[in-house]
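1. Test case, fold it:
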Amino acid sequence: MTLEAIDHVQLAIPAGGEGAARGFYGALLGLTEHPKPPGLASRGGCWFHNGPVWVHCGVASPFVPARKAHIAFRVDNVAELAGRARAGGFEVVDNEALPGHERIYIFDPFGNRLEFLKPTPAPVRNQEAFSCFVSRT
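-> As a prediction, the model looks like this:
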């Protein structure tokens, strides 16, 4: 048996939180809502996706937000997302503790912590030596 990929992630939301989930996961993050199968729809919650990225928001009772455990999403523009999240009133925490990455945490409307990161290019080492080499060829 070999694990091949992550099929989806599930985040807990409180009962009645579907509208706020749509505003965050749909409007802010740009994920498309996908109808839940009829046998699961009666449980509440909602599903979102963007290509291979699937997020299931499931109703939990009692609800407790995940303030430490989190999902990390790779994005193409961390600063843009941070600005849009702040403008939308969401809590954003800047974090540079992971070398080689731009990274932030955003808390969804329910208090779940989500990580968003983008690898940064490795710095060119010994630029002077490289320039000297290039000018000789």
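2. Report the secondary structure element holding the nearest residue to D94 once chain neighbours are set aside.
-> Once flanking residues are discounted, D94 sits nearest to I104: 5.7 Å by CB to CB, 6 or more residues apart in numbering. Every C-beta, even on glycine, is put in place using the N, C-alpha and C of the backbone. Using DSSP states H and E, I104 sits in strand 101-107.
3. rewinding a little: show the contacting residues for the residue nearest to D94.
-> Contacts of I104 were listed using CB atoms under 8 Å, 6 or more residues apart in numbering, and they are V78, L81, A82, V92, V93, D94, N95, E115, F116, L117.
4. try it again with 6 Å
-> Going by CB atoms under 6 Å, 6 or more residues apart in numbering, I104 touches V78, A82, V92, D94, F116.
5. confidence score at it?
-> Per-residue pLDDT puts I104 at 97.
6. how near is it to Q10?
-> 22 Å (CB to CB, to the nearest Å).
7. re the thing from before, okay, now the sheet partners of the strand holding I104, with direction.
-> strand 92-94 (antiparallel), strand 113-119 (antiparallel) (DSSP bridges).
8. in the protein, which spans are strands?
-> 9-13, 32-34, 46-50, 53-59, 71-74, 92-94, 101-107, 113-119 (DSSP state E).
9. what's the closest of those to A21?
-> Taking CB to CB, strand 53-59 is the member of the strands of the chain nearest to A21, at 4.5 Å.
10. Fine by me, thanks again.
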